[in-house]
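**Q** task: produce atomic coordinates for the following.
(4 chains)
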There are 4 protein chains.
Amino acid sequence: MNQEQSLPPELTDFPAVAKVPVQWGDMDSFKHVNNIIYLRWFETARVRYLEVSGLNPIMDRTGCGPILASVHCNYRKQLRYPDDVLIGARMIKLGGTSMKVEHVIYSVSQQAVVADGESGVVYFDYANQRPVAIPDEVRSLISLCEGRDL
Amino acid sequence: MNQEQSLPPELTDFPAVAKVPVQWGDMDSFKHVNNIIYLRWFETARVRYLEVSGLNPIMDRTGCGPILASVHCNYRKQLRYPDDVLIGARMIKLGGTSMKVEHVIYSVSQQAVVADGESGVVYFDYANQRPVAIPDEVRSLISLCEGRDL
Amino acid sequence: MNQEQSLPPELTDFPAVAKVPVQWGDMDSFKHVNNIIYLRWFETARVRYLEVSGLNPIMDRTGCGPILASVHCNYRKQLRYPDDVLIGARMIKLGGTSMKVEHVIYSVSQQAVVADGESGVVYFDYANQRPVAIPDEVRSLISLCEGRDL
Amino acid sequence: MNQEQSLPPELTDFPAVAKVPVQWGDMDSFKHVNNIIYLRWFETARVRYLEVSGLNPIMDRTGCGPILASVHCNYRKQLRYPDDVLIGARMIKLGGTSMKVEHVIYSVSQQAVVADGESGVVYFDYANQRPVAIPDEVRSLISLCEGRDL
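**A** Purely as a prediction, here's the structure:
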């Protein structure tokens, strides 16, 4: 989304925010948004993070990039169509070969956080199919994006 | 979407238009948006049509409403993330118990129609699980919505 | 699926048949399987067709292969969890650069066809992103697979 | 799946096991099964658990039942089409109003666990939209299903 739009306070610390409308078909037999849709939105926010941090060109050049190792989601409130959600992603930890991304999902109609969670990501050499050390240029871009050393 | 935003000419004849961002996860192994996502978007536009035409309260009151009988989609151009699509729905035929909805999907980045198609819909009594005649008040609302008799 | 299992008569003319369980999450707010899931199953049967006909090695070698141009689905009966579906695909027409695949979806619990339809497919050069003539070896494999000239 | 089929040792402690084929369309641009599909399978195994434990009739009678509060998934190996997965669910903790379900996903072609995780579930009164204490008859059925007191 256009970052110049005003964001609710719950999202101001997130460098990457995506805005997605809830689609009717996102709901399941309980007439609320199905649990896996929240994970689709986490993914959308992770991909947005790669864009706003400037990591994409490095991944294209090196053939290395993040692969998802784990995901955790806390479902705090049910969601229903129609609504729009804002999904945030921010880096909260950088290890040797792994990183941790924090997520939040905010409902525009409820004006509240409806879910939060974390993605564990491993820096991965796709050609050789194994984890590799996170390069310094990646660390720099992430710290720049977050506005603090990680 | 807010209908006051200016629409491309390809969509101006559609009373119902939904705007949805392409999500990265909408793409498949061919690195283009998977074919079933287009049908999700058709559905989103059909649901939008029920809202803008004012049909929803009648469905809630009577327990009768549209059920999908057939769908057709022509895939004209491939789509990739990132992009936004506008999806239109308009009624093109009203029969005794059935109706035909026309769809178009427009890519904002390509500034072109990327798919079109039709949904065949039957007016359905969900409690008794059988088709019923489309009531006059439904016909009136649809004609009003389309700006012409159908 | 193992083709040696006995198939219902509705599927015996289909060289490619896939068996898939209905998952609870395939259902939408109407507590029936959502319309786009049927199209996912059509796709699964098309991919199965590429395997049983022996077309996959040609596609790998030439970089050319089918791309979906259109899809049509007739929803004949509603489906609910739990159930298993058999999805058939057979070639019904071979043109210069295009082909037509017929589909049927059969519910094991209802012992009935719940949907049928067609996929329009174009033979496509993915590197150059344009349709190409269907090669003779592809025509031969398809005729062999169908047991008749097409 | 038919529990009389022999299960790999990794799944023998799971009272509920579902078998699902990987569909081609489950894969994303990385040509591996997309992360959210694993969560769809967790859900499928949870629903299977409700069936094998005999909890469904209680839920139908009381209008109370599990709602997902959190989910965690560890992605251990990539999956590709074609393959079949076995998904297990077992109860590992029963609290006052909440329970914890353990999951494992096993690839038949790789003969290995490709993911594991947990679902946090709250016993929920859907009519009044609030958590309620897990009834004794539910506790008994779960202990019976697991073959031990929980």
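**Q** quick one: the strands in chain A, in order.
**A** Assigned by DSSP state E, the strands in chain A fall at A:16-21, A:64-75, A:84-94, A:98-107, A:112-125, A:130-131.
**Q** low-confidence ranges, chain A, go.
**A** Low-confidence segments of chain A, defined by pLDDT under 70: A:1-5.
**Q** around chain B, pick out the residues from it.
**A** A:18-21, A:23-25, A:40, A:43-44, A:47, A:51, A:81-82 (CB under 8 Å from any CB of the partner chain). C-betas here are computed from N, CA, C, even on glycine.
**Q** contact partners for residue A:112?
**A** Applying CB atoms under 8 Å, 6 or more residues apart in numbering or on different chains to residue A:112 gives the contacts A:77, A:106.
**Q** repeat that for residue A:107.
**A** A:77, A:79, A:83, A:84, A:85, A:113, A:114.
**Q** same question for residue A:103.
**A** For residue A:103, the contact set (CB under 8 Å, 6+ apart) comprises A:42, A:45, A:73, A:87, A:88, A:89, A:115, A:116, A:117, A:118, A:119.
**Q** kindly recompute the last result at 10 Å.
**A** A:14, A:16, A:38-39, A:41-43, A:45-46, A:49, A:71-74, A:87-90, A:115-119 (CB atoms under 10 Å, 6 or more residues apart in numbering or on different chains).
**Q** if we look at the sheet, which residues does residue A:94 bridge to?
**A** Residue A:94 forms beta bridges with residue A:99, as assigned by DSSP bridges.
**Q** report how many residues lie close to it.
**A** Look at residue A:94: counted by other CB atoms under 10 Å in any protein chain shown, it has 17 neighbours.
**Q** repeat that for residue A:24.
**A** Neighbour tally, residue A:24, other CB under 10 Å: 20.
**Q** so what's the backbone phi/psi at the most far-flung residue of chain A relative to its centre?
**A** Distance from the C-alpha centroid of chain A peaks at residue A:29, with 26.8 Å (CA atoms, centre = their mean). Dihedral angles of residue A:29 (phi, psi; degrees, to the nearest 10) stand at phi -60, psi -20.
**Q** ok, it touching residue C:24?
**A** Yes: between residue A:29 and residue C:24 there is a contact at 7.4 Å, judged by CB atoms under 10 Å.
**Q** got the buried residues for the longest helix seen in chain A?
**A** If you go by DSSP state H, chain A has its longest helix at helix A:35-52. Buried residues in helix A:35-52, counted by 16 or more other CB atoms under 10 Å in any protein chain shown: A:35-50.
**Q** for residue A:29 and residue C:24, list the residues in contact with both.
**A** C:80, C:81.
**Q** wait, doesn't residue A:97 sit right on residue A:139?
**A** No: no contact is recorded between residue A:97 and residue A:139 when judged using CB under 10 Å, the distance being 12.0 Å.
**Q** so what sits against both of those two?
**A** residue A:133.
**Q** need the residues of chain A near chain C, please.
**A** With CB under 10 Å from any CB of the partner chain as the criterion, chain A meets chain C at residues A:24-32, A:34-36, A:80-81.
**Q** try it again with 6 Å
**A** Applying CB under 6 Å from any CB of the partner chain, one finds that chain A approaches chain C through A:25, A:27, A:29, A:31.
**Q** need the buried ones from the residues you listed selected in PyMOL.
**A** In PyMOL, a selection of the buried entries from those looks like this (16+ other CB under 10 Å):
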select buried, chain A and resi 25+27+29
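**Q** now do the contacts for the closest residue in space to residue A:134 that isn't next to it in sequence.
**A** Once flanking residues are discounted, residue A:134 sits nearest to residue A:123: 4.6 Å by CB to CB, 6 or more residues apart in numbering or on different chains. By CB atoms under 6 Å, 6 or more residues apart in numbering or on different chains, the contact list for residue A:123 reads A:97, A:132, A:134.
**Q** do you know how far residue A:122 is from chain C?
**A** 27 Å (CB to the nearest CB, to the nearest Å).
**Q** what residues does chain A put near chain D?
**A** Contact residues (CB under 6 Å from any CB) of chain A with chain D: A:35, A:36, A:39, A:40, A:68, A:69, A:70, A:71, A:72, A:73, A:74, A:75.
**Q** the last one: how many residues sit nearby?
**A** I take that to be residue A:75. Residue A:75 has 22 nearby residues by other CB under 10 Å.
**Q** who's it bridged to?
**A** In beta-bridge terms (that is, DSSP bridges), residue A:75 pairs with residue A:115.
**Q** my guess is it contacts residue A:117, does it?
**A** No: proximity of residue A:75 to residue A:117 does not meet the contact threshold set by CB atoms under 6 Å, at 9.0 Å.
**Q** got the contact list for the closest residue to residue A:13 other than its chain neighbours?
**A** The shortest distance from residue A:13 to any non-neighbouring residue, by CB to CB, 6+ apart, is to residue A:90 (6.3 Å). By CB under 6 Å, 6+ apart, the contact set of residue A:90 is A:14, A:15, A:102.
**Q** what residues are bridge-paired with residue A:90?
**A** residue A:102.
**Q** quick check: it vs residue A:22, distance?
**A** Residue A:90 is 23 Å from residue A:22, where distance means CB to CB, to the nearest Å.
**Q** swap in residue A:127?
**A** 38 Å.
**Q** more neighbours, those two?
**A** Ranked by neighbour count (other CB under 10 Å), residue A:127 and residue A:22 place residue A:22 first, with 21 against 9.
**Q** surely that one touches residue A:81?
**A** Yes: counting by CB under 6 Å, residue A:81 is a contact partner of residue A:22 at 4.9 Å.
**Q** rewinding a little: between the contacts of residue A:123, which has the most around it?
**A** That'd be residue A:134 among the contacts of residue A:123, by other CB under 10 Å, with 20 neighbours.
**Q** quick one on the thing from earlier: only the buried subset of the contacts of residue A:107, as a ChimeraX command please.
**A** In ChimeraX syntax, the buried subset of the contacts of residue A:107 is picked out as below (16+ other CB under 10 Å):
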select /A:79,83,85,113,114
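**Q** I'd like to know which of the contacts of residue A:107 is nearest to chain B.
**A** Minimum distance to chain B across these is 10.6 Å, recorded for residue A:84 (CB to the nearest CB).
**Q** show me what that closest one is bridged to.
**A** residue A:21.
**Q** doesn't residue A:20 make contact with it?
**A** No: using CB under 6 Å, residue A:84 makes no contact with residue A:20, being 7.1 Å away.
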